[in-house]
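S.K.: Fold the following.
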Amino acid sequence: MMLENLSKRFETLLNKIRGRGVLTEQNIDEALREVRLALLEADVHFKIVKSFIDDVRKAAVGKEVLASLTPGQALVKIVWQELCQLMGTESSGISFPVAPSANPTKVMLVGLQGNGKTTTAAKLARFYKQKGKQVLLVAADLKRPAACEQLQTLGNEIGVPVMMPRLGEDVFSVIYTALETAKQQAIDLLIIDTAGRVAVDEAEMEEIRQMKSRFSPEEVLLVSDAMAGQNAVSVATHFHETVGLTGVILTKTEGDARGGAILSVRAVTGAPIKFIGTGEKVDALALFHPDRIASKILGMGDILSLVEMAEKSFSLEQATELQEKVRTDQLTLEDFRDQLKQIKKMGSMTKILEMLPKGAGIPNLGSPDQIEKELRYTEAIISSMTSIERNNPDIINGSRRIRIANGSGTSVQEVNRFLKKFFDAKKMFKAMSARGGFSGFKKPLKQMFSLG
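M.R.: Predicted coordinates:
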């Protein structure tokens, strides 16, 4: 789980700080010693840790914080601001010209073998295709023929054309042909998947230097494995010194519990992290938001990303219609099943719960595995009902409950418990809907998530 170890250390530490009535230089230093250890354990370079601690202490030891009514919260805010500064002040992505251009924006992906560069090329193509850009992928990894075939397969999967090498072509001819084709077809974005380097020595880097010199790409992005920690930072440094990076894409961040690369790359190279890979599927790529990652580290959750995920799964029309049904007491089990399907589109419960703030009054819903199990039971029970029963749950009598239990592989007691909680939650939703705001819905939300 991304940054899990670091987040746990900060959570424990900051809970202690928040409880302090007054902060002195002494207890600030005590807290920062713990922060230092947490960052070192996260595999952040010791020079970056020292600079970070110095910056936080300089900002914290002052009249404004020490005289604050909530000095602990003020220190947390300072730590959050410095984390944002460390990782970059804002998200960027790829820059496109403001005015229409006959020339495509050229992005060259570089990196070591085995870091997911070819898959990332397809992810990036899909990301911008969904934003309305015309994209062309270029299979320029001629050292590993399987890479060209892999890119072709991925291109077919996402519906993006791939410029494949012809027999006997060198890499420069492939890119030149792709560039001419892109100009003719009004392509917005040209993504070049270069050969993965075995090492960062002079011989391995010469081809990349020549590519950059000949084709002047607007972006040179390093694809690097986040789980490599300081080694990822070292590789980024070598690539940046050799070819000049405009940004970094970190892969496998979903498995990076420590977070050393995420916290170190920009500070060491000056090249911002532009995207993070969050899984193996082609849709598992996200813009890197330093402020959201900082909030996540400090246990504040990532509500903005959660909202963005929800917006992709729920239309405004759907949300308005559901709200009206809640208000008028017309919410049915058919509606609830539709909502379960939409939630599943957002991803796993582990991913969703990671984005919720810790200790912010969110009801204890149980572990992600427990919730997944409950939702499966719930969906099975609802699917075992007839359409009439789903739209009129009041008619479900004893004999119907026995049939539903048999059909869903559950017991009559579980069906009874499900229906009782649904009716109770429905009443609470109606009672709370007039109040507005998330806090009014905490109790019914807890009911709805534990229907099984």
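S.K.: quick one, helices of the stretch 101-250 of the chain?
M.R.: Counting by DSSP state H, counting those that start in this stretch, the segments of the stretch 101-250 of the chain that form helices are 117-129, 145-158, 171-184, 202-215, 230-243.
S.K.: Can you check which of those helices gets nearest to residue 410?
M.R.: Distance to residue 410, taken as CB to CB, is lowest for helix 145-158 among these, at 37.3 Å. Every C-beta, even on glycine, is put in place using the N, C-alpha and C of the backbone.
S.K.: What average pLDDT does that closest one get?
M.R.: Averaged across helix 145-158, the pLDDT comes to 93.
S.K.: Please name every helix or strand in contact with that helix.
M.R.: Packing partners of helix 145-158 (3 or more CB pairs under 8 Å, 6 or more residues apart in numbering; DSSP states H and E): helix 117-129, strand 135-140, strand 162-163.
S.K.: tell me the angle it makes with helix 117-129.
M.R.: Using axes from the mean of the first three to the mean of the last three CA atoms, to 10 degrees, the direction of helix 145-158 lies 20 degrees away from that of helix 117-129.
S.K.: what comes into contact with helix 145-158?
M.R.: Outside helix 145-158, the residues that touch it by CB atoms under 8 Å, 6 or more residues apart in numbering are 118-119, 121-122, 125-126, 129, 137, 139, 141-142, 161-162, 164-165, 193, 195-196, 282.
S.K.: ok, back up a step: out of the helices of the stretch 101-250 of the chain, which is closest to residue 261?
M.R.: Closest approach to residue 261 among the helices of the stretch 101-250 of the chain (CB to CB): helix 230-243, 4.1 Å.
S.K.: For that closest one, output the C-alpha coordinates as PDB.
M.R.: The C-alpha trace of helix 230-243 is given here as PDB (Å, rounded to 0.1, in the frame of the first residue of the first chain):
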ATOM      1  CA  GLN A 230      17.300   5.400  -3.400                       C
ATOM      2  CA  ASN A 231      18.300   3.400  -6.500                       C
ATOM      3  CA  ALA A 232      15.500   5.000  -8.400                       C
ATOM      4  CA  VAL A 233      16.700   8.400  -7.300                       C
ATOM      5  CA  SER A 234      20.300   7.500  -8.400                       C
ATOM      6  CA  VAL A 235      19.100   6.300 -11.800                       C
ATOM      7  CA  ALA A 236      17.000   9.600 -12.200                       C
ATOM      8  CA  THR A 237      20.100  11.600 -11.400                       C
ATOM      9  CA  HIS A 238      22.200   9.900 -14.000                       C
ATOM     10  CA  PHE A 239      19.500  10.200 -16.700                       C
ATOM     11  CA  HIS A 240      19.000  13.900 -15.900                       C
ATOM     12  CA  GLU A 241      22.700  14.700 -16.000                       C
ATOM     13  CA  THR A 242      23.100  12.800 -19.300                       C
ATOM     14  CA  VAL A 243      20.000  13.700 -21.400                       C
END
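S.K.: Quick one: neighbours of residue 377, just the number.
M.R.: Number of residues near residue 377 (other CB atoms under 10 Å) recorded here: 18.
S.K.: sorry, that was for residue 5
M.R.: Residue 5 has 16 nearby residues by other CB under 10 Å.
S.K.: That one: which element?
M.R.: In the assignment (DSSP states H and E), residue 5 maps to helix 4-18.
S.K.: and what of residue 57?
M.R.: Using DSSP H and E, residue 57 sits within helix 46-60.
S.K.: can you give me how far that helix is from the chain middle?
M.R.: Its chain's C-alpha centre and that of helix 46-60 lie 27 Å apart, by CA atoms, centre = their mean, to the nearest Å.
S.K.: between the helices and strands packed on helix 145-158, which one is nearest to residue 272?
M.R.: So among these, helix 117-129 is nearest, using CB to CB, at 15.4 Å.
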